[in-house]
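Participant: I'd like to go over a predicted model; first the sequence, then the structure.
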Amino acid sequence: MMGRITGFIHSGITVRSLSESLNFYVDLLGLELLSTQTVTADYVFKIVEIPGLEKVEIAFVKIPGGNEIEILEYGGPKTYPGNARSCDYGTGHICLKVDDLESIYKDFKEKGVQFQSKGVVDITSGANKGAKALYMLDPDGYIIELMENL
């Protein structure tokens, strides 16, 4: 019998500073912090195969509804920003379901959050017709889509 995919566990985002990112994801976005750990176990080094890796600082946060995001800060090797346009392959984003997107946009903008979108966009066709969405950026430039379904 051939193996098969049976479910979804988590998405991962690599960050420059775990503490700064937790301020964003937990304190600003309101996601639930599940755990933090410093990993130096050999199995991690075997999974990621990064020369010079000394440790990985990891936090798991929970999105309302049950999905989780793994936030990782790598220690040891020189790291580089992965900022790319959303149309560039290898780029990712997560989409979070929200209510009252207009007020969230105003509040986050006042708090200095950077947005790729110039404001809330009405979705006028397709599977999400009638919804509203925008792209914002986390402290490292990772794209977070916020969507309000009507």
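Facilitator: Good, I have the coordinates.
Participant: When you work out contacts or count neighbours from here on, use the C-alpha atoms and nothing else.
Facilitator: Will do.
Participant: if I look at Ile63, how far off is Glu145?
Facilitator: As judged by C-alpha to C-alpha, to the nearest Å, Ile63 and Glu145 stand 13 Å apart.
Participant: How about Val39?
Facilitator: Val39 is 29 Å from Glu145, by C-alpha to C-alpha.
Participant: More neighbours: which of those two?
Facilitator: More crowded of Val39 and Glu145, by other C-alpha atoms under 10 Å: Glu145, with 19 against 15.
Participant: which residues does that one bridge with?
Facilitator: Listed by DSSP bridges, the beta-bridge partners for Glu145 are Cys95, Tyr135.
Participant: My guess is it contacts Ala133. True?
Facilitator: Yes: using C-alpha atoms under 8 Å, Glu145 is in contact with Ala133, at 6.8 Å.
Participant: okay, now the domains of this structure?
Facilitator: The chain breaks down into these domains under automatic domain parsing: 10-75, 93-148.
Participant: Quick one, which of those domains gets closest to Ala84.
Facilitator: domain 93-148 (8.3 Å; C-alpha to C-alpha).
Participant: What average pLDDT does that closest one get?
Facilitator: Averaged over domain 93-148, pLDDT sits at 95.
Participant: What is the end-to-end distance of it?
Facilitator: Termini of domain 93-148 sit 16 Å apart (C-alpha to C-alpha).
Participant: how far out from the middle of the chain is it?
Facilitator: Mean C-alpha position of domain 93-148 versus that of the full chain (C-alpha atoms, centre = their mean, to the nearest Å) differs by 13 Å.
Participant: How about stretch 68-76?
Facilitator: For stretch 68-76, the distance to the chain centre is 11 Å (C-alpha atoms, centre = their mean).
Participant: and Pro81, that's in a strand?
Facilitator: No: assessed with DSSP: H, G, I helix; E, B strand; the rest coil, Pro81 is coil; it does not lie in a strand.
Participant: Can you get me a residue count around it?
Facilitator: The burial count for Pro81: 11, using other C-alpha under 10 Å.
Participant: That one contacts Asp140, correct?
Facilitator: Yes: if you go by C-alpha under 8 Å, Pro81 and Asp140 touch, sitting 7.3 Å apart.
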